[in-house]
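Peer 1: Here's my sequence, what's the structure:
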Amino acid sequence: MDIRRLQLLRELADRGSITAVAAATHRTASAVSQQLKVLESEVGVPLTERHGRGLVLTGAGLALADTARRIAVAIESAEALWQEFTQSPRGSVSVSAFPTAGQMLLPGVLRALRDEPGLEIVLTDHDLPLPDFAQLTADYDIVIADSQGIPAHWTENGLRCIPLMTEPFDVALPAGHPLVEKSVVRGADLVDEQWIGAPVGYPYDRVLERLGAAVGREPRIVQRVMDNLIVERLVAAGIGIAILPRFTTRSHGNGIVTRPITGLPAERQISALVRADRAERPSVRRVIELLQAEAARVVEGYRTVGER
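Peer 2: Okay, the predicted model is just below:
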C-alpha cells in the first residue's frame, strides 16, 4: 500500500472534494481519482461513494484516512527526532493569523526569529467565522484562531489546539458618554444603547447575543463592521458603542474610552491550531514556543500597565 495514495485519501477527508485535493497537491483531478481507484483495488473495498455531484468517504475510507493521519504523525515524528540529532530548527513555517492576533503577536515573534538563522515565517492574515479556522490547517502549518471556549470540532480529525492567551472584551464608548463615569459596566447599563456590531458568527457578536439573553432584549445593532479600526472611528463619532478586544484597542487620544463588562462572559481564547503531523516538526514547534512566549509577554505587559 503506497503511503502517497493514503495521503491523498486523507486530503480528500480533510478538503471534501477531488478538485480541492488536486489543487492542493498540484495534480489533475483525473490523476487524483486514478490514484484513489488504485488504492481501492489494493484494499479490496470501496473507499468513496457518490453523494450528489461529489464524493464522500465510506466507513472504510474514513477509517483508512484516519490511519493515514497517524502514519503522517509517525513520519514527521521520526524526521523531527533525526533533525534534533543533526541540526537546529530550520525551514519555512506558514502561519495564518486573524488581524488583531497578528497585530499583538507577530512583530515580537518575527523580531525573535532574527536570532534563529535558517528559520522563517511566511505570514498570511485571515479573518473568518469560527467554523472556518480549522479548515485553514489544510493549507497552513499554524493557524492562529480565536473562540469563546474551545470548539469540539477543533480537536477532531487529528488537530492539535495549543492555547496561547485569553483576552478580555471591553465596551468601547465615545469620550463624554455617561457610562465613562463608571469603572465597570453591567448588562443593565447597556439596554438602551445603539451598537456597532461584528458580522454574525464572530466572537464579538456572541457577546452581544449573551447580553441580549441576559437583559431580555435584543441589542439594537445599527451597523455591522469587521475592521476594528473602523469600529473605533464609528464609536468616536458617536454612531454607537461596541464590544472590542482589550489588548489591541486604542483608548487614549482617539475619542474612545473602554470599560470592562461585568455579569456576562466577555473574553476570547486565542489558540494555535496545527495538524498533528506538522506539530512534530522542530520548526513548527519552535514557532509555537515563540508565539507562546510573546503571548505571555503581551498579557504581562498589559497587566503591568494596568497596575500603574
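Peer 1: how would you label S94: helix, strand or coil?
Peer 2: Classification of S94 by DSSP: H, G, I helix; E, B strand; the rest coil places it in strand.
Peer 1: Excluding chain neighbours, give the residue nearest to R69 in space.
Peer 2: Nearest residue to R69, sequence neighbours excluded (Cβ to Cβ, 6 or more residues apart in numbering): G158, at 4.3 Å. C-betas here are computed from N, CA, C, even on glycine.
Peer 1: can you tell me how far that neighbour sits from R217?
Peer 2: Between G158 and R217 the distance is 43 Å, computed by Cβ to Cβ, to the nearest Å.
Peer 1: swap in I243?
Peer 2: Distance from I243 to R217, counting by Cβ to Cβ: 16 Å.
Peer 1: neighbour-wise, which of these two wins?
Peer 2: Shown here are I243 and R217; by other Cβ atoms under 10 Å, I243 has more neighbours (26 against 13).
Peer 1: Could you confirm the more buried one falls within a strand?
Peer 2: Yes. Counting by three-state DSSP, I243 falls inside a strand.
Peer 1: Tell me the confidence at it?
Peer 2: On the pLDDT scale, I243 is placed at 95.
Peer 1: that older thread, how many neighbours does the residue nearest to R69 have?
Peer 2: For G158, the count of nearby residues is 21 (other Cβ under 10 Å).
Peer 1: And A188, by the same measure?
Peer 2: The burial count for A188: 9, using other Cβ under 10 Å.
Peer 1: so who does the residue nearest to it when sequence neighbours are not counted touch?
Peer 2: Setting aside the residues directly before and after it, A188 is nearest to V215 in space (Cβ to Cβ, 6+ apart), at 6.2 Å. Residues in contact with V215 (Cβ atoms under 8 Å, 6 or more residues apart in numbering) are 187-188, 190-191.
Peer 1: what about the stretch 101-250 of the chain, any weak spots by pLDDT?
Peer 2: 128-131, 157 (pLDDT under 70).
Peer 1: Check the gap between the residue nearest to A188 and L39 for me.
Peer 2: To L39, V215 is 56 Å away according to Cβ to Cβ.
Peer 1: again with R27
Peer 2: Taking Cβ to Cβ, one finds R27 at 14 Å from L39.
Peer 1: Counting neighbours, go ahead and name the busier of those two.
Peer 2: Counting neighbours by other Cβ under 10 Å for R27 and for L39 shows that L39 has the greater number, 20 against 16.
Peer 1: I'd say that one and I3 touch.
Peer 2: No. Using Cβ atoms under 8 Å, L39 is not in contact with I3; the gap is 10.7 Å.
Peer 1: For the chain, which segments count as helices?
Peer 2: 3-15, 18-25, 29-43, 59-86, 99-113, 133-136, 203-215, 228-236, 282-307 (DSSP state H).
Peer 1: worst average pLDDT in those?
Peer 2: Minimum mean pLDDT among the helices of the chain: helix 59-86, a mean of 79.
Peer 1: Can you name every helix or strand that that helix contacts?
Peer 2: helix 3-15, helix 29-43, helix 282-307 (3 or more Cβ pairs under 8 Å, 6 or more residues apart in numbering; DSSP states H and E).
Peer 1: L57 is nearest to which of these?
Peer 2: helix 3-15 (5.7 Å; Cβ to Cβ).
Peer 1: Can you name every helix or strand that that closest one contacts?
Peer 2: helix 18-25, helix 29-43, strand 54-57, helix 59-86.
Peer 1: Bridged to R50, which residues?
Peer 2: Note on R50: beta-bridge partners L55, judged by DSSP bridges.
Peer 1: Tell me the confidence at it?
Peer 2: pLDDT at R50 comes out at 83.
Peer 1: What is the neighbour count of it?
Peer 2: So R50, with other Cβ under 10 Å, has 8 neighbours.
Peer 1: Can you tell me how far it is from V207?
Peer 2: According to Cβ to Cβ, R50 and V207 sit 43 Å apart.
Peer 1: do L179 as well
Peer 2: 16 Å.
Peer 1: the more surrounded of these two?
Peer 2: Each of L179 and V207 has its neighbours counted (other Cβ under 10 Å); V207 has more, 23 against 17.
Peer 1: Return the residues in contact with the closest residue to the more buried one other than its chain neighbours.
Peer 2: Leaving out its chain neighbours, the residue that sits closest to V207 by Cβ to Cβ, 6+ apart is I243, at 4.8 Å. The contact partners of I243, by Cβ under 8 Å, 6+ apart, come to 169-172, 195, 198, 204, 207-208, 261, 266.
Peer 1: Can you name the residues bridging to I243?
Peer 2: Beta-bridge partners of I243, counted by DSSP bridges, are V171.
Peer 1: gap between it and A20?
Peer 2: According to Cβ to Cβ, I243 and A20 sit 35 Å apart.
Peer 1: same deal with H51?
Peer 2: Relative to A20, H51 is positioned 15 Å away (Cβ to Cβ).
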